[in-house]
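Undergrad: I'd like to go over a predicted model; first the sequence, then the structure.
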There are 2 protein chains.
Amino acid sequence: MREWKNILIFGMGLMGGSLSLAIRKKIKTAKTTGVVRSEASKDVILKQNISDFVFLEEEFFQNRKFEEYDLVIFATPVHSVIHHIQNLNSHSQTIYTDLGSTKKTIIDAVHKKFSNESHRYVSSHPMCGSEHSGPGAAKENLYEEKLCIVTSPNGLQSGIADEIRMFWEAIGCWTLDMEAKEHDETLAYLSHLPHLVSSLLVQTAIGNPVVNKQVSEAPRPITGGGFRDMSRIAGSNLEMWLSIFQENQNQIYESLKNLKSELEQVTEAFHPSHPLDRDRITEFWKESLLSKEKIQKTHEIY
Amino acid sequence: MREWKNILIFGMGLMGGSLSLAIRKKIKTAKTTGVVRSEASKDVILKQNISDFVFLEEEFFQNRKFEEYDLVIFATPVHSVIHHIQNLNSHSQTIYTDLGSTKKTIIDAVHKKFSNESHRYVSSHPMCGSEHSGPGAAKENLYEEKLCIVTSPNGLQSGIADEIRMFWEAIGCWTLDMEAKEHDETLAYLSHLPHLVSSLLVQTAIGNPVVNKQVSEAPRPITGGGFRDMSRIAGSNLEMWLSIFQENQNQIYESLKNLKSELEQVTEAFHPSHPLDRDRITEFWKESLLSKEKIQKTHEIY
């Protein structure tokens, strides 16, 4: 593996901050530099010693250049990543990547920027979000054992994808290559739809007056582990999710339509005009167990 | 608190088995007797020493009576609880309860059985299920810090509800009184709907051919913590859930209809014929965070 020396993390929220901690723990040769938008974030990073150096955005652009770093990691929402791709210097030796949750618009921006030139930009998606946000929530083990999807644009210089894969593996991730459109379609169902469903579920629950009254009056939460787990990610990190929804609007729309169609079939099985359709529910329930096991690659042990 | 001596747990799956372990740990005066349907369950209970005594159902009814116990706890699906309520001896000193996930049909059966007589049947719902089932999955701390909802039928003898509350508190639960219809409406939204939604989510995901191909080919699961948590309860314990769905069909139907209405509004915000409706999504997302905090009684700390 390349001996990484200077790594820039542009954007130091939960993901960027945790990555800085992980790099400092796992890649002893590297110094990390963080770039943030607010004085408040800068203070947190300094106080909690999250990176070796930290700049506000304006300080960074006045004093430093991306080309001074071995590796630049964009850890901001996708629309901001796309903005910075437009201004990259195509002749630098710097390797560029990002932590974007969607890929198609990033890869399109890379293709547009470099057109027929070869380049050193490879996109990454480490799947290790959390319902928390901000550098104060950073944890050095956030990336441990997590999947990092690697998406290579056309024109990527030979060997760069391998360097990035080795970087993520050094951090503690396992890696998988995925083409941009497949990534966005897969993630619509395995990440974006679940976040929307979590929010829909809490909104549906609170919309019922009896539930609203009961949860207001109870001294502690009236929920078992099921609801708690299902609602954990509701309403998390608005800015990040608006960006994801914007970038992946069409795939998410398709996933919501497909959910509605599944929902309508199950709802019909409960229609009060007839006894519960036990056969339909049984088939649905058994299939969902198999689907879960297929996706999670587990088998019930009891 | 009453000095419990002989406690019968009728049905020794995950819930009954875990309760037996908790009683033996927390209530040193009490011996537990379990009743099971299968030789396989009896073997597990004997081998793992889950209760002091164990009978197959037919052995139990040939040799024992409910009235020989201080406390009888029905830990079977609700339709089976209702069946046994019909055959209770109304003159015994035994206290009866159950672990039923729905209340209205149980309370109706108690009212029908005892009509104007006073009785000692109070219904319980400890909210501590799991995606696992069977006595082999029993854990002595399953009930620790969990909510147990207590529902008192008409005609309940004075002091019995207090005895049951103290029993659950001795086991480690906290208790809340709830009337049967309110219980079933509340639980439709906070437990039954989430279980259906978890199953709907995995079915929607696996129904997409790209997702299906990606999850089939990947060496490890392509999921972050969000999907993993959201899918954990999909397809769990068919027999128990069929029983719950049967007993609470109407309330669950209403909750599914309300979810569909919320889903349609959010889907419209993603319609590809216009740019993402950021205002609508922002309002929905912020409200869902508030709703989650209201239900879970937490506040985001970051």
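TA: Cool, got the structure.
Undergrad: How is chain A partitioned into domains?
TA: A:6-178, A:183-296 (automatic domain parsing).
Undergrad: Is it possible to get JSON lines of the ones you listed that adds mean pLDDT, distance to chain B and mean neighbour count?
TA: For the C-beta atoms, the positions are set from N, CA and C on the backbone; glycine is no exception. Putting the domains of chain A into JSON lines (pLDDT from 0 to 100; distance: least, Cβ to the nearest Cβ, whole Å; neighbours: other Cβ atoms under 10 Å in any protein chain shown) gives the following:
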{"stretch": "domain A:6-178", "mean pLDDT": "95", "distance to chain B": "4", "mean neighbour count": "19"}
{"stretch": "domain A:183-296", "mean pLDDT": "96", "distance to chain B": "3", "mean neighbour count": "20"}
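Undergrad: check contacts around the most centrally placed residue in chain A.
TA: Among the residues of chain A, the one closest to the centroid is residue A:101, at 4.3 Å (Cα atoms, centre = their mean). By Cβ atoms under 8 Å, 6 or more residues apart in numbering or on different chains, residue A:101 lies in contact with A:78, A:125, A:129, A:187, A:191, A:240, A:243, A:244, A:247.
Undergrad: tally of neighbours for residue A:3?
TA: 9 (other Cβ atoms under 10 Å in any protein chain shown).
Undergrad: so which helix or strand takes in it?
TA: Per DSSP states H and E: residue A:3 is located in neither a helix nor a strand.
Undergrad: returning to what we had before: just the contacts of residue A:101: which are in helices?
TA: A:78, A:187, A:240, A:243, A:244, A:247 (DSSP state H).
Undergrad: Find the residue closest to the third one in space, skipping its chain neighbours.
TA: Think residue A:240. residue A:77 (5.6 Å; Cβ to Cβ, 6 or more residues apart in numbering or on different chains).
Undergrad: Figure out the helix or strand that residue A:142 lives in.
TA: Here residue A:142 is assigned to no helix or strand, by DSSP H and E.
Undergrad: Let me see the contact set for the spatially closest residue to it that is not a sequence neighbour.
TA: Distances taken as Cβ to Cβ, 6+ apart put residue A:18 closest to residue A:142, at 3.7 Å, once the chain neighbours are dropped. Contacts of residue A:18 were listed using Cβ under 8 Å, 6+ apart, and they are A:128, A:138, A:139, A:140, A:142, A:143.
Undergrad: Just read off the phi/psi values of residue A:53.
TA: When read as degrees, to the nearest 10, the backbone of residue A:53 gives phi -130, psi 150.
Undergrad: quick revisit: would you mind measuring from the residue nearest to residue A:142 to residue A:141?
TA: 8 Å (Cβ to Cβ, to the nearest Å).
Undergrad: and residue A:147, how far is that from residue A:178?
TA: Using Cβ to Cβ, residue A:147 is found at 10 Å from residue A:178.
Undergrad: How far does the strand or helix carrying residue A:109 sit from its chain's centre?
TA: Per DSSP H and E, residue A:109 falls inside helix A:104-114. Here the centre of helix A:104-114 is set off from its chain's centre by 19 Å, with Cα atoms, centre = their mean, to the nearest Å.
Undergrad: what's the answer for stretch A:161-171, then?
TA: 18 Å.
Undergrad: Kindly report the same for stretch A:42-55.
TA: The answer for stretch A:42-55 is 23 Å, by Cα atoms, centre = their mean.
Undergrad: What's the end-to-end length of that stretch?
TA: Stretch A:42-55 has an end-to-end distance of 7 Å (Cα to Cα, to the nearest Å).
Undergrad: contacts for that stretch?
TA: A:9, A:12, A:17, A:20-21, A:24, A:31-36, A:56, A:63-64, A:134-136, A:138.
Undergrad: just checking, what packs against the longest helix that chain A contains?
TA: Criterion DSSP H: the longest helix present in chain A is helix A:249-269. In terms of contacts (3 or more Cβ pairs under 8 Å, 6 or more residues apart in numbering or on different chains; DSSP states H and E), helix A:249-269 is packed against helix A:193-206, helix A:278-296, helix B:193-206, helix B:249-269.
Undergrad: For the closest residue to residue A:172 other than its chain neighbours, which three-state class applies?
TA: Leaving aside its sequence neighbours, residue A:172 sits nearest to residue A:144 (Cβ to Cβ, 6+ apart; 4.3 Å). Under DSSP: H, G, I helix; E, B strand; the rest coil, residue A:144 falls in the coil class.
Undergrad: again, but for residue A:96
TA: strand.
Undergrad: mind listing what the nearest residue to it once chain neighbours are set aside touches?
TA: In space, and not counting its chain neighbours, residue A:96 is closest to residue A:121: 4.4 Å by Cβ to Cβ, 6+ apart. Applying Cβ under 8 Å, 6+ apart to residue A:121 gives the contacts A:85, A:88, A:95, A:96, A:97, A:110, A:114, A:153, A:156.
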